[in-house]
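>>> only the shape, not the letters, is given here:
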């Protein structure tokens, strides 16, 4: 399937190219086939082959380049377009760039079904799956809002038809939109790209487009398709350490204890680290969030002053990095460099680096904050250079092991304000390209550095960002258990490497927030804090963490309702173990449920451990997959944790 598709859409001399744009008012298909075409191999990541297709006009003016990667270990193809003005004058107008412009046709029933997910909007319903049947003449659109790539809609989706599925990924950390249009018969037209492009290119100027991923899964079940895709993301679009996907940490954060970070000091942060060490909780990272920098004393209004508070941190942040290292921990430090508040150092010293809002945007923004912020223009080479040097210096000088980048507002209207009428989309392209260059520079300079991608909690998750970063705070709708359960069912079907947070040792709430990483927002100094329960919860997390890097099977349908159960299975056949987590919500009338498991060996004997009841039993894989696992939860709300592993054969 992948080879045939690649030949049909790229390699054949009369290929039906899967992208389009308008140049001087003409469609791509009208003229690109007449241009000189050249193909050259280029270096590729392990497990892939790559080539570059280049089209040049008969007369200097525009060069079109498409870099294509064909993965050899997965049925996947991805590509990125580059457009360059090779002439001596401004190009003709380039408009409506669609790096994905593709028609698919089904040959059998049932109808096309589009599977997508909501993005993050600080809501209980974040990452909720959405299913749409697309009958004749149907049309639907997926798009982010505000210029952050997973705000409102996740830029990953799946189209099922003919007993298989095509999964899509968009690599663009700004504004994107995808439309799906059914014809009257058996075809569907899919177009995706930036929300708005209409510009001329100056002589010698080059721009790139969003990266497009197509993944052709022949798996017969929805879970099979998603788990095949998860394996691909882990192998090719997840930061790697020592040849393996990065392990997300067990971290702790005192932000909520000290007035939303505004009251942090060197003294109370050292004490915070010490309490966890004395409690015997094996933290892997100490986490200092917003509020450590100079200003008026409000974390949200001091962004733009990226220097430690002199009164709170007279010795800078190095003592905290040293203390964390001495205790065997990494150091997570929060930044929000793109948002620049009036009165801060960047705002006053370098206004030439900033994008300011127009009057309408300023007034709209001031409904939520006293003054409207500016944006640090990452497309400005001087601004980008300063940011790389400053943040890199702080990483080096303070022993930072996890650089945490937040972004707490929507940049879309700022980008639009900066564009001339004949340059619509250029500011965003330059900005996003500079954003990637900034992160790439940090990763190159600091081997082993982990980048944490927050953006108001999970609002900047796309193919490009997940390749460079992990999400240690997947949603700002944190702590509420039923929302967290839904976030797990939705997001983990696509992206394995995300983390959640918990502020209690209550097993129902803690287990609801389990993921590949965990941020503990615990107040150990409170007399009523249950330290024994805390140690049990941490032990559960450490035992389960490796399982999140395997297959993920939702065992219940996602639901926001409080009168249902939620359950899922984690399966690692390569580790010979797995787990089932089940939750009886607060208003559920049902004290028991039966759940069929997946991915087991039918003939194998499995030891199944009910962790809460302390009971063990042995069941065959066939019994667990056919009859199912019986689970009882007496409490409302309540949870259950089952661990399983195959019985080892008797030694000969």
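Received, thanks. Being a predicted model, the structure only gives us computed values, none of them experimental.
>>> so who does residue 22 touch?
28, 93-96 (C-beta atoms under 8 Å, 6 or more residues apart in numbering). Every residue, glycine included, has its C-beta placed from N, CA and C.
>>> next, it: secondary structure please.
In three-state terms, and counting by DSSP: H, G, I helix; E, B strand; the rest coil, residue 22 is strand.
>>> list the beta-bridge partners for it.
Beta-bridge partners for residue 22, by DSSP bridges, are residue 27, residue 95.
>>> now it: how far from residue 272?
Computed as C-beta to C-beta, to the nearest Å, the residue 22 to residue 272 distance reads 57 Å.
>>> equivalent analysis for residue 219, please.
Applying C-beta to C-beta to residue 219 and residue 272 gives a distance of 46 Å.
>>> the more surrounded of the two?
More crowded of residue 219 and residue 272, by other C-beta atoms under 10 Å: residue 272, with 23 against 15.
>>> ok, the more buried one to residue 265 distance?
Taking C-beta to C-beta, one finds residue 272 at 10 Å from residue 265.
>>> what about the residue nearest to residue 168 when sequence neighbours are not counted, how many residues nearby?
Closest residue to residue 168 apart from its sequence neighbours, by C-beta to C-beta, 6 or more residues apart in numbering: residue 157 at 5.3 Å. Neighbourhood size, residue 157 [other C-beta under 10 Å]: 23.
>>> drop anything exposed from the contacts of residue 22.
By neighbour count, with 16 or more other C-beta atoms under 10 Å, the contacts of residue 22 hold 28, 94-96 as buried.
>>> point out the least confident member of those, please.
Lowest pLDDT of those: residue 28, 82.
>>> isn't it up against residue 17?
Yes. Contact criterion C-beta atoms under 8 Å: residue 28 and residue 17 qualify, at 6.9 Å.
>>> residues contacting residue 418?
355, 377, 427 are the contacts of residue 418 under C-beta under 8 Å, 6+ apart.
>>> can I take it that the residue nearest to residue 168 is in a helix?
No. In this structure, residue 157 is strand, not part of a helix, as judged by three-state DSSP.
>>> separation between it and residue 186?
20 Å.
>>> likewise for residue 567?
In terms of C-beta to C-beta, residue 567 sits 37 Å off from residue 186.
>>> so for the two, which sits in the more crowded spot?
residue 567 (22 against 17).
>>> partner residues bridging that one?
Assigned bridge partners for residue 567, using DSSP bridges, are residue 582.
>>> wait, it sits on residue 555?
Yes. Using C-beta under 8 Å, residue 567 is in contact with residue 555, at 4.0 Å.
>>> find the residues that touch each one of the two.
The contact lists of residue 567 and residue 555 share 580, 582, 595, where a contact means C-beta under 8 Å, 6+ apart.
>>> count of neighbours near the closest residue to the last one other than its chain neighbours?
Distance criterion C-beta to C-beta, 6+ apart; nearest residue to residue 595, sequence neighbours excluded, is residue 555 at 4.5 Å. Per other C-beta under 10 Å, the neighbour tally for residue 555 reads 23.
>>> how far away is the closest residue to residue 602 other than its chain neighbours from residue 600?
Sequence neighbours aside, residue 622 is the residue nearest to residue 602 in space, at 4.0 Å (criterion: C-beta to C-beta, 6+ apart). Distance from residue 622 to residue 600, counting by C-beta to C-beta: 8 Å.
>>> go on, residue 569?
Residue 569 is 10 Å from residue 600, by C-beta to C-beta.
>>> between the two, which is the more surrounded one?
residue 569 (27 against 21).
>>> was I right about the more buried one contacting residue 582?
No. Applying C-beta under 8 Å as the test, residue 569 and residue 582 come out as separate, 9.7 Å apart.
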